[in-house]
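Trainee: dropping a prediction and its sequence here:
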Amino acid sequence: MPIIEIENLSKRYGEVNALDHVSLSVERGEWIAVMGPSGSGKSTLLNIIGGLDSASEGRVTADGQDLANLPPAEVARFRAEKIGFVFQQFHLVPYLTAVENVMLAQYFHSLADEPEAEAALRRVGLGNRLHHLPAQLSGGEQQRVCVARALINQPNLILADEPTGNLDEVNEAIVMGLITDLHREGHTIVLVTHDPEVGRMAERRIELHHGHLTEAGALLHREEDLVDDLLHAVWKAREEKHVDPVPAAILPEYVESRATFNLMAVGGWIDLNDGLIRLTGKGEERAKLEIRRHRLAECLFHMTFGLGLDLLDENAHQIEHTLSPQVTEKICLFLKHPPTCPHGSPIPKGTCCLKGQ
């Protein structure tokens, strides 16, 4: 059975419909991103799933429990045992240390266990901050305390509301790395975000607009095209800068697509360590095919249609993702195996070129 079932859910605040007849199913172990503009109902949906708010209409079942049919004390017990919350605002008790904040979650669940709480903090990289107060921690460190607190009772479901909203790029990467690890371990994650890069890391994305839910419009083939574009950027930087691995800092594309680069690393297309990007064997082959079809498309526009050098890259980019390997080979044959593109960059050889040698 799905871990979350939402049927015809509505939430009204006076005359405002924060949620309007929303239906949604989330499978066990799934990572889903809830996206949409401010005021679209994202946090309201998360709060109802977590039993922090109640619906005006409809039904929500979480881990087999219809929360509307539980008395308040049992809803609180359900939250403590089954759900881990990660909030944008941290919600740490200011006069308790990091380890005491984690132990507080244990206390509401069963019994506080300091060694276990310390182990949870070490897991998120805070072994040297165990006895610091929240005011003595950076924003990223406070958020990692929140992640440790969310995990301490081993919940089936993790609800994260804009977990990177107050973080810089470095801490965002750390926190999202932790959430990625949790997903790999089998936790179900429902994450609210307005950041498309964070949303892209999820298995599935839904969008809320004025309380109405739709599946996100970013299609799988567009994601594949983005991966090709980023592999192209790594290849080109390596070629032009004569560096391997490529420092992420010299790639403007890395700043714009950090989450996708992380997914590429998980997928085995690149190695990403200490801010350095290296194509794996798998990534090298895919990047080679991408570079080949792009530069052959530039040759086609230049040699056949006389397009100027300044227009080649843009026009080649518009058609290259539609070129199958078979069509790419036919273009190469038609152009008689050009060794370089019109800009002078080498074109990787294909099967048709090697046959002629």
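Mentor: Perfect, I can see it now.

Trainee: going by C-alpha atoms from here, please, whenever you check contacts or count neighbours.
Mentor: Will do.

Trainee: can you list the domain ranges for the protein.
Mentor: 4-215, 220-279, 293-355 (automatic domain parsing).

Trainee: next, the buried residues of stretch 159-177.
Mentor: Across stretch 159-177, burial judged by 16 or more other C-alpha atoms under 10 Å covers 159-164, 167, 171-176.

Trainee: meant to ask about stretch 123-143, not that
Mentor: Judged by neighbour count using 16+ other C-alpha under 10 Å, the buried positions of stretch 123-143 are 124-126, 129-130, 132-134, 139-143.

Trainee: which SSE is immediately downstream of the helix or strand of the chain with the lowest mean pLDDT?
Mentor: Comparing helices and strands within the chain by mean pLDDT, DSSP states H and E singles out strand 212-215 as the least confident, with a mean of 75. For strand 212-215, the following helix or strand on the C-terminal side (DSSP states H and E) is helix 220-241.

Trainee: wait, what's in contact with the closest residue to residue 228 other than its chain neighbours?
Mentor: Nearest non-adjacent residue to residue 228, counting by C-alpha to C-alpha, 6 or more residues apart in numbering: residue 290, 6.3 Å away. Residues near residue 290 by C-alpha atoms under 8 Å, 6 or more residues apart in numbering: 228, 229, 231, 232.

Trainee: out of those, flag the one nearest to residue 270.
Mentor: Ranked by distance to residue 270 (C-alpha to C-alpha), the contacts of residue 290 are led by residue 231 at 8.5 Å.

Trainee: please enumerate the strands of the stretch 51-200 of the chain.
Mentor: Remark: strands assigned in the stretch 51-200 of the chain by DSSP state E, counting those that start in this stretch are 57-62, 65-66, 83-87, 157-161, 188-192.

Trainee: save these as TSV, and put in mean pLDDT and distance to residue 318 too.
Mentor: Converted to TSV, the strands of the stretch 51-200 of the chain look like this (pLDDT from 0 to 100; distance: least, C-alpha to C-alpha, whole Å):
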stretch	mean pLDDT	distance to residue 318
strand 57-62	90	44
strand 65-66	86	50
strand 83-87	85	41
strand 157-161	90	37
strand 188-192	92	33
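
Trainee: let me have those in JSON lines, extended by distance to residue 102.
Mentor: Below are these laid out as JSON lines (distance: least, C-alpha to C-alpha, whole Å):
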{"stretch": "strand 57-62", "distance to residue 102": "24"}
{"stretch": "strand 65-66", "distance to residue 102": "26"}
{"stretch": "strand 83-87", "distance to residue 102": "12"}
{"stretch": "strand 157-161", "distance to residue 102": "16"}
{"stretch": "strand 188-192", "distance to residue 102": "20"}
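
Trainee: so which of those strands gets nearest residue 14?
Mentor: strand 57-62 (13.7 Å).

Trainee: I'd say residue 158 and residue 81 touch.
Mentor: No. Look at residue 158 against residue 81 with C-alpha atoms under 8 Å: they stay out of range, at 11.4 Å.

Trainee: so for the two, which sits in the more crowded spot?
Mentor: Counted by other C-alpha atoms under 10 Å, residue 158 and residue 81 do not tie: residue 158 has more neighbours, with 25 against 19.
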